[in-house]
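Q: how would this look folded up:
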Amino acid sequence: MVSLHKITFGYGVQDIFNGISFLIRERDKIGLIGRNGAGKTTLFQLLVGNLTPHEGEISKPKDLTIGYLPQYLPASDTTTVWEEVKIAFAEITTLQQRLNVLHKQLEKTDNNESQIGKLLDEIQFINARLDYLGASFVDEQMEQVILGLGFLRTDFYRPTKEFSGGWRMRIELAKILLQKLPLLLLDEPTNHLDIESIQWLEDYLKNYDGAVMIVSHDSAFLNHITHRTIEIVKGRIYDYDMPYSQFVEFRKTQIALQKNAYINQQKEIEQKERFIERFRYKATKSNQVQSRIKQLEKMERIEIDEMDTKNINIVFPPALHSGTVVFDAKGLSKAYGEHVVLKDIDFSIERGEKIALVGRNGEGKTTLIKIIMHALDATGQHKLGYQVKIGYYAQNQDEVLDMNKSLLETLEDVAPMDMRPKIRNMLGYFLFSGDDVYKRVSMLSGGERARLLLAKLLLEPVNFLLLDEPTNHLDISSKEILKNAIKKYDGTVLLVSHDRDFLDGLVDKIYEVHQTKIKQYDGDIWEFLKKKKAENLQWLYNRNIKREETEIKTPSHISYAEKKEMERKIRKIEVQIDKSEREMQLLEHKISECDDALKRIDMKVISDYQWYLNYERMKKEYEKHFDLWEKLNRELEQLQKEKNQKFNGYVSE
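A: Numbering: from 1, shown residues only. Presented below is the predicted three-dimensional model:
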């Protein structure tokens, strides 16, 4: 579908890519990985045409439309959530508007058969196109995606300007998903999603009909979706048909084998060169010398794949001593005007605990952290324990970083006097060396800003770390180093994160913020997710039972909305029946061709075992389609019968 051939690109004298080539196939699910600054976003910009390669060629069909979600993208502030997302169905909207115009023209047209015929032809064509595009299911699709990405029904008609940047990125993601384009490029799509939304997105992308290329530092997310991994390392790429975790293990083994083969080859080269030097001028050995020279010339030299081994270095200073209770709250409440975020919550945090604070976006996790820091007022009793000193990592980097200051100035502003001589070393631990320390913060990538914030945390000892989404923008290697540093830290940690792999084995308790309350779960993140799924399903089941018990109505009370819903279900089944019939016709044709080959005793095909397997597979597939076709027809008959009973007042025999 898309082919990159020997692409070279760079900024100034720095090469980002050096002759890379690969192919994106239909329905590929690719994880694009690499260190911060390796060129992942640059590659996306090349693919969508925002950048032009210096050398090489990118080949793609002229009519190919690519859906691209960048890390930072301004969204429209002039519409509601529903209206903004509906832009994804621009063609359907345009056709429906044209259809309305044609119907009005038809009403005004007198007995001009020629003109009426033209109008009817165009109306028929537009109706067929709308049917093909699934126009009758637009609202249903929009609801599924908007709710799946974490919005509430009450958000549908709220202006987009009322939402934060993270929520507006979800709106852009919804628009891209609903367009159902042949290729999606998603740059860190999980950065602003909570755990439930991530799980929904995993299922959606896993079953997506087109190709998807994802940049993500969430290894669990990559493992659930992708079956192919492309790694960018120092201008080169390594491309393997396997998910991320399998790729990592394979690369380790591959590098180890390459090193062993390289060492053995170097020994062989050394032996041959010594022989050549020793006997170069002896006539009796000239044939053997020439033979070894030719062997060296023909030898294919083994190279060890380059690896970017630079890593940040994080070691939290020993925690200061504090009281047993680090934070305690009773009846804590917080509201913004009439909007209640937290209500009458009781909880405490004890020294040495490592706790994950989870919940849907907007439930109040960051608000709670700011209350603990005394950065926000709240009602009820809440206080820090004896000699508790907080170290804070902010999710919103702009909150705590001055974009106009240099890296050096940023740390100098907060460093104690005894630490100032060590600031350059500290920046070096986080991969900022040489003239990098004079860069303005505004010039840094998201990953580099994340590293700078982590460096600030190490400047002085604390005993209570409040970390609000610290893994956003960090590459996988840096996340693992941070995780190990937190594990070894002897203080108390309250951590907001949606990254399941990061939380796995790191926390021993989970606080979930939900509908203004806090609920405690003991155990790890995977146990929490299993419990949550069971609770959600039970809640849905109970809600449906209650609805069935309380919403029994007589035919005279059936609403127009219920009638439309039943018609929608009928139409949906009719479309499925039509699709099933087309599949059956195609299979019947192929099976018939195979039967003809058997009748002709065509030895070329009937001696091919794979041909027989394919023949049997098609027959089984036909049976499955036939069973489904029968089932759908029974459902259709039942629905039509119910419709007649409810809306026409009689029972169809």
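Q: Going by C-alpha atoms from here, please, whenever you check contacts or count neighbours.
A: Will do.
Q: can you pull out the helices in the stretch 101-250 of the chain?
A: 113-133, 138-148, 165-179, 195-206, 219-225, 244-279 (DSSP state H, counting those that start in this stretch).
Q: quick one, which of the ones you listed is nearest to Ile30?
A: Comparing these against Ile30 with Cα to Cα, the closest turns out to be helix 219-225 (8.3 Å).
Q: what's the closest one packed up against?
A: Helix 219-225 is packed against helix 195-206, helix 244-279, helix 500-503, with contacts defined by 3 or more Cα pairs under 8 Å, 6 or more residues apart in numbering; DSSP states H and E.
Q: got the residue ranges for the helices in the stretch 351-500 of the chain?
A: Counting by DSSP H, counting those that start in this stretch, the helices of the stretch 351-500 of the chain are 365-372, 397-400, 407-412, 423-429, 446-457, 476-488, 500-503.
Q: For the fifth one, C-alpha coordinates in PDB please.
A: As requested, C-alpha coordinates have been extracted for helix 446-457 and formatted as PDB (Å, rounded to 0.1, in the frame of the first residue of the first chain):
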ATOM      1  CA  GLY A 446       7.700  16.200  25.300                       C
ATOM      2  CA  GLY A 447      10.100  13.400  26.300                       C
ATOM      3  CA  GLU A 448      13.000  15.800  27.000                       C
ATOM      4  CA  ARG A 449      10.700  18.000  29.200                       C
ATOM      5  CA  ALA A 450       9.700  14.900  31.100                       C
ATOM      6  CA  ARG A 451      13.400  14.100  31.800                       C
ATOM      7  CA  LEU A 452      14.000  17.700  33.000                       C
ATOM      8  CA  LEU A 453      11.100  17.400  35.500                       C
ATOM      9  CA  LEU A 454      12.500  14.200  36.800                       C
ATOM     10  CA  ALA A 455      15.900  15.900  37.300                       C
ATOM     11  CA  LYS A 456      14.200  18.600  39.400                       C
ATOM     12  CA  LEU A 457      12.900  15.900  41.700                       C
END
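Q: List the contacts of it.
A: By Cα atoms under 8 Å, 6 or more residues apart in numbering, the residues outside helix 446-457 that reach it are 36, 316, 391-393, 397, 407, 411, 414, 426-427, 430, 441, 470-475.
Q: are any of those buried, and which?
A: Among the contacts of helix 446-457, those buried by neighbour count (16 or more other Cα atoms under 10 Å) are 36, 316, 391-393, 407, 411, 426-427, 430, 441, 470-475.
Q: you'd agree Thr79 is up against Phe156?
A: No - assessed by Cα atoms under 8 Å, Thr79 is found out of contact with Phe156, at 10.7 Å.
Q: which of those two has more neighbours?
A: Phe156 (18 against 14; other Cα atoms under 10 Å).
Q: show me the contacts for that one.
A: By Cα under 8 Å, 6+ apart, the contact set of Phe156 is 80-82.
Q: could the residues you listed go into CSV alongside secondary structure and distance to Thr366?
A: Listed next are the contacts of Phe156 as CSV, based on DSSP: H, G, I helix; E, B strand; the rest coil; distance: Cα to Cα, whole Å:
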residue, secondary structure, distance to Thr366
Thr80, strand, 25
Val81, helix, 23
Trp82, helix, 26
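Q: Name the member of the residues you listed with the most neighbours.
A: Val81 (23 neighbours).
Q: follow-up on the earlier one: among the contacts of helix 446-457, which ones are in strands?
A: 391-393 (DSSP state E).
Q: any idea which of those is least confident?
A: Ranked by pLDDT, those bottom out at Tyr393, which scores 86.
Q: Could you pull up the contacting residues of that one?
A: Contacts of Tyr393 (Cα under 8 Å, 6+ apart): 453-454, 457, 465-468, 470.
Q: chain center to stretch 179-192, what's the gap?
A: Distance of stretch 179-192 from its chain centroid, counting by Cα atoms, centre = their mean, to the nearest Å, is 7 Å.
Q: ok, and what's touching that stretch?
A: Outside stretch 179-192, the residues that reach it (Cα under 8 Å, 6+ apart) are 26, 41, 44, 64-71, 88-89, 166-167, 169-170, 173, 176, 198, 209-218, 472-473.
Q: Go again with 6 Å.
A: Around stretch 179-192, the neighbours that count as contacts under Cα atoms under 6 Å, 6 or more residues apart in numbering are 66-71, 88, 166, 210-216, 472.
Q: for stretch 52-72, the distance to its chain's centre please.
A: Distance of stretch 52-72 from the chain centroid (Cα atoms, centre = their mean) equals 19 Å.
Q: Could I get the buried residue list for that stretch?
A: 52-53, 56, 58, 66-71.
Q: Considering those, which member attains the minimum pLDDT?
A: Note: of those, the lowest pLDDT belongs to Gln71, at 75.
Q: Name the nearest residue to that one, ignoring sequence neighbours.
A: Asp187 (5.6 Å; Cα to Cα, 6 or more residues apart in numbering).
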